[in-house]
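Novice: Turn this into a model:
(2 chains)
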Number of protein chains: 2
Amino acid sequence: MGAPPGYRPSAWVHLLHQLPRADFQLRPVPSAFAPHEREYQQALLLVAALAGLGLGLSLIFIAVYLIRFCCCRPPEPPGAKSPPPGGGCVTWNCIAALLVGCAGIGIGFYGNSETSDGVSQLSSALLHANHTLTAIDHLVLEMVERLDEAVRTELTTLEEVLTQRMELVAAARGARRQAETVAQQLQGLAFWRGVPLSPVQVAEDVSFVEEYRWLAYVLLLLLELLVCLFTLLGLARQSKWLVIVMTVMSLLVLVLSWGSMGLEAATAVGLSDFCSSPDSYILNLTQEETGLGSDILNYYFLCNQAVSNPFQQRLTLSQRALANIHSQLQGLEREAVPQFPSAQKPVLSLEETLNVTEGSFHQLVALLHCRGLHKDYGAALRGLCEDTLEGLLFLLLFSLLSAGALATILCSLPRAWALFPPRNPSASCSGSHQSEPFLQSRLEPGLRFCSFPGCRRRPH
Amino acid sequence: MGAPPGYRPSAWVHLLHQLPRADFQLRPVPSAFAPHEREYQQALLLVAALAGLGLGLSLIFIAVYLIRFCCCRPPEPPGAKSPPPGGGCVTWNCIAALLVGCAGIGIGFYGNSETSDGVSQLSSALLHANHTLTAIDHLVLEMVERLDEAVRTELTTLEEVLTQRMELVAAARGARRQAETVAQQLQGLAFWRGVPLSPVQVAEDVSFVEEYRWLAYVLLLLLELLVCLFTLLGLARQSKWLVIVMTVMSLLVLVLSWGSMGLEAATAVGLSDFCSSPDSYILNLTQEETGLGSDILNYYFLCNQAVSNPFQQRLTLSQRALANIHSQLQGLEREAVPQFPSAQKPVLSLEETLNVTEGSFHQLVALLHCRGLHKDYGAALRGLCEDTLEGLLFLLLFSLLSAGALATILCSLPRAWALFPPRNPSASCSGSHQSEPFLQSRLEPGLRFCSFPGCRRRPH
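Specialist: Predicted coordinates:
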């Protein structure tokens, strides 16, 4: 009944968390989140390095494939009439790879937006928590000031008015003592005052980093989209220079894709370790950063029946003191006001102050309860461990698809280019231009038609 | 300080809300959300009918275009060697339309997922609100039972033990009266008890509808994806029957796209009206459904400084009564326990009960405060008015793109099909088969190559 249903690690978190980790000497590393430990850092770097290995292997494969294609083809008989088998298949390969690349780009945009959603949920939870914490501080300050003001003015006036009846003065002094007790107890409740950690600053830092991460991915996705579209255009117009430029750009984007894949994989693995049991890490970190007692932090981060409210005693004492002030004021109103009519005004004013303070006290009790802050904590964790992790996995899928598609395009483009009709035969790869005269009339007229001016005419 | 930053209508809400609305007689209708008014329903139906108009116009356009193409072409000279101009362009038109359609499908998947996210945010906020409301009920019940139990057992025992000293019995009876006051006041705080509206039921209903909506869109998107892919396959393999089937399927998906567009447009317009000022509508609806007082509903739905806590007085009275019980128990402990050692056990047990009740009281104050429930209300509104509306607009964009792409495909496919090499000339459209012998050798060999068995061989 205490805490609402909170954060539960997802299946992806469990899956990633169970993958084995190793340091640079390939010794197994425990998968508990420990970003300051050397072995754990090495394990994450090793995950990122796997993408580097993938890049190297795919570059070697592409190089071997293209060298075999360019240099090891058997010479064709000069009078051969048939186009090389698979000539059109190369173009269709390219188009299929481009479609896969475009699907990957769509997935990438989705993943980028999910990641961004998760981080903005984290930021907004931090801002919300900050709102609660500063509201507690302000409310305590306001209540203490109101009580101090009442003690300084109304209660002093009352004591001066009632100076002839000592037992009434004693009652007024009792109320003053209780008001001072309340003020003192309340000041102990503003637990966030003077804490060096600002959730707003953390939220701003996170949003700042996320903004650039988001932008970088959008630029990468747009770059890949442009490469796909211009490659298609180059194939359609059979423009050699465009295909050459796009081959170079594909190589660049391939490197960027593998690089981003390494970053994503390492981040996803690290995030899964964090998300599998975030409480203890966050508790220790917050204790280090804020210097707050573990009873307060446990109360807010766990917020279950087992953890008692660390402010319970102060709240109960304040509540009792407020009730005592009330009964003393009621006594004064009954006893003193009929004798000393000038006491009526301060007594009524004090009762008004008391009512307002009791209203604020209920608000303070609500703010201090773990429910609100724990809900923000849960929302931040869900943002980070569900949306952001899911987004990262989609980005990983994008990187994989685009690496595959780009490798296929890099293998296919030079072959497609070799099949284009020659404009400058010396520029083409050896062995391929022999069959091009046939290709000029037989291969891909559909592709070339689009460059004809007459292509926009509709048949009548 | 009272409420955290809540829901603000987005720019899309303002934009859609400002569009003019009209009923079936084309008289302007105010854009305030009033789903039970006849004129407003007519305005939304008219928005949906615009999509029907769009469907009709696009079908007429396609029919006119195809009739012109099939029946009004000038006969070509029988010995013409050149393929009809624009022959390949038709294929490239188709491919471009398919790409646009695929982009639309990607946008549709994103929009469907956003809409679903928004609705699940609404459901989870409703479940969370339900959790708070039932927690209040349970807590009140538990506190009242605990106090009743204390009154029945410990206080009765105490009165029996102290029966010789009347002033002590009077103190115990005073405590009993105060405990009964607390129990009575607390019972008035369980405001949700007996209310016929269940947020869980609403959440389940919403989730149920959303599940089928989501599934229907996924099926529509997959159907369109399949149509796109099989159309591409039909073009690549130059399979006439596949192209004919896909033409029919495209027509079906075109109708579905325009239909979904009408639904989306009407829902988006209605949602924007709701979202531009949801408070008053929701307040009235909840008041009708629950029969709760407007002070309570205003407190939770507005939750600002201007609305005072309707439970303030009950809470203050309970708090004072608890403090009085405490001071009476302290008096009894001081006065009675030294004389009557058997009174110690019930007094200590009562103090323990009082401590637990004060802890529960603080929890109750926190649960009753508007902050928690208002945050759920804000989250539900943000889910519905930001994520769901955004998702609907993306779905609208998907429907527009797919309607455009499918209309282009429907115009192009019969032309592309007419250019295929004839297998059964009588089945082809008049006038087109004359040029097909040339096309067989000159048009789209690249497309045909993929059906050659040799296409998978790599050149050596």
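
Novice: Give the bridge partners for residue A:28, please.
Specialist: Assessed by DSSP bridges, residue A:28 has beta-bridge partners residue A:22.

Novice: Check what pLDDT residue A:426 gets.
Specialist: We have a pLDDT of 43 for residue A:426.

Novice: What of residue A:85?
Specialist: At residue A:85, pLDDT is 50.

Novice: One more: residue A:415?
Specialist: Reported pLDDT for residue A:415: 82.

Novice: Can you give me the distance of it to residue A:89?
Specialist: Per Cβ to Cβ, to the nearest Å, residue A:415 is found 10 Å from residue A:89. (Glycine included, C-beta is placed from N, CA and C.)

Novice: what does residue A:386 give?
Specialist: According to Cβ to Cβ, residue A:386 stands 43 Å off from residue A:89.

Novice: Equivalent analysis for residue A:24, please.
Specialist: 44 Å.

Novice: Which parts of the stretch 51-200 of chain A are helices?
Specialist: In the stretch 51-200 of chain A, the helices defined using DSSP state H, counting those that start in this stretch lie at A:87-150, A:156-161, A:166-187, A:199-237.

Novice: Comparing residue A:24 and residue A:89, which shows the higher neighbour count?
Specialist: With neighbours defined as other Cβ atoms under 10 Å in any protein chain shown, residue A:24 and residue A:89 compare such that residue A:89 has more, 22 against 13.

Novice: Retrieve the pLDDT associated with the residue in the stretch 151-300 of chain A positioned nearest to chain B.
Specialist: Relative to chain B, the nearest point of the stretch 151-300 of chain A is residue A:236 (6.5 Å; Cβ to the nearest Cβ). pLDDT, residue A:236: 76.

Novice: Give me the neighbour count for it.
Specialist: Neighbours of residue A:236 (other Cβ under 10 Å): 21.

Novice: rewinding a little: deepest of the helices of the stretch 51-200 of chain A, which one?
Specialist: helix A:87-150 (a mean of 21; mean count of other Cβ atoms under 10 Å in any protein chain shown).

Novice: now it against helix B:87-150, angle please.
Specialist: 30 degrees (axes from the mean of the first three to the mean of the last three Cα atoms, to 10 degrees).

Novice: how far away is residue A:215 from residue B:390?
Specialist: With the distance defined as Cβ to Cβ, residue A:215 ends up 20 Å from residue B:390.

Novice: Same check on residue A:294?
Specialist: Residue A:294 sits 42 Å away from residue B:390, going by Cβ to Cβ.

Novice: the more surrounded of these two?
Specialist: Neighbour count, other Cβ under 10 Å: between residue A:294 and residue B:390, residue B:390 has more, with 19 against 13.

Novice: element containing the more buried one?
Specialist: Per DSSP states H and E: residue B:390 is located in helix B:389-418.

Novice: likewise residue A:7?
Specialist: Applying DSSP H and E, one finds residue A:7 in no helix or strand.

Novice: Surely it is in contact with residue A:382?
Specialist: Yes. Using Cβ atoms under 8 Å, residue A:7 is in contact with residue A:382, at 5.5 Å.

Novice: so where is the stretch 101-250 of chain A shaky, pLDDT-wise?
Specialist: Under the criterion pLDDT under 70, no range of the stretch 101-250 of chain A is flagged.

Novice: Quick one: name the residues of it near chain B.
Specialist: When proximity is defined as Cβ under 8 Å from any Cβ of the partner chain, the stretch 101-250 of chain A approaches chain B at A:102-103, A:106, A:109-110, A:113, A:127-128, A:131-132, A:135, A:138-139, A:236.

Novice: any idea which residue sits dead centre in chain A?
Specialist: residue A:119 (2.2 Å; Cα atoms, centre = their mean).

Novice: Just to check, that one is in contact with residue A:388?
Specialist: Yes. At 5.9 Å, residue A:119 and residue A:388 qualify as touching, with contact defined as Cβ under 8 Å.

Novice: Now for the residue lying farthest from the centre of chain A: which residues touch it?
Specialist: What lies farthest from the middle of chain A is residue A:164; by Cα atoms, centre = their mean that is 68.3 Å. Residues near residue A:164 by Cβ atoms under 8 Å, 6 or more residues apart in numbering or on different chains: none.

Novice: Give me the phi and psi angles of it.
Specialist: phi -80, psi -30 (degrees, to the nearest 10).

Novice: now do residue A:162
Specialist: When read as degrees, to the nearest 10, the backbone of residue A:162 gives phi -90, psi 10.

Novice: residues in contact with it?
Specialist: Here residue A:162 is in contact with A:168, A:169, A:172, A:332, A:336, A:340, A:343 (criterion: Cβ under 8 Å, 6+ apart).

Novice: Could you tell me how far it is located from residue A:341?
Specialist: 12 Å.

Novice: give me the low-pLDDT residue ranges for the stretch 351-460 of chain A?
Specialist: A:422-460.

Novice: hmm, 80 instead?
Specialist: Flagging of the stretch 351-460 of chain A using pLDDT under 80 yields the residue ranges A:417-460.

Novice: Do a quick rundown of the helices in it.
Specialist: With DSSP H, counting those that start in this stretch as the criterion, the stretch 351-460 of chain A has helices spanning A:370-382, A:389-418, A:436-442, A:445-449.

Novice: so which of the ones you listed gets nearest residue B:371?
Specialist: With distances scored as Cβ to Cβ, the stretch of these nearest to residue B:371 is helix A:370-382 (6.2 Å).

Novice: The closest one to helix B:370-382, inter-axis angle?
Specialist: Going by the same axes, to 10 degrees, helix A:370-382 makes 30 degrees with helix B:370-382.

Novice: what packs against helix A:370-382?
Specialist: Judged by 3 or more Cβ pairs under 8 Å, 6 or more residues apart in numbering or on different chains; DSSP states H and E, helix A:370-382 is in contact with helix A:87-150, helix A:294-302, helix B:344-368, helix B:370-382.
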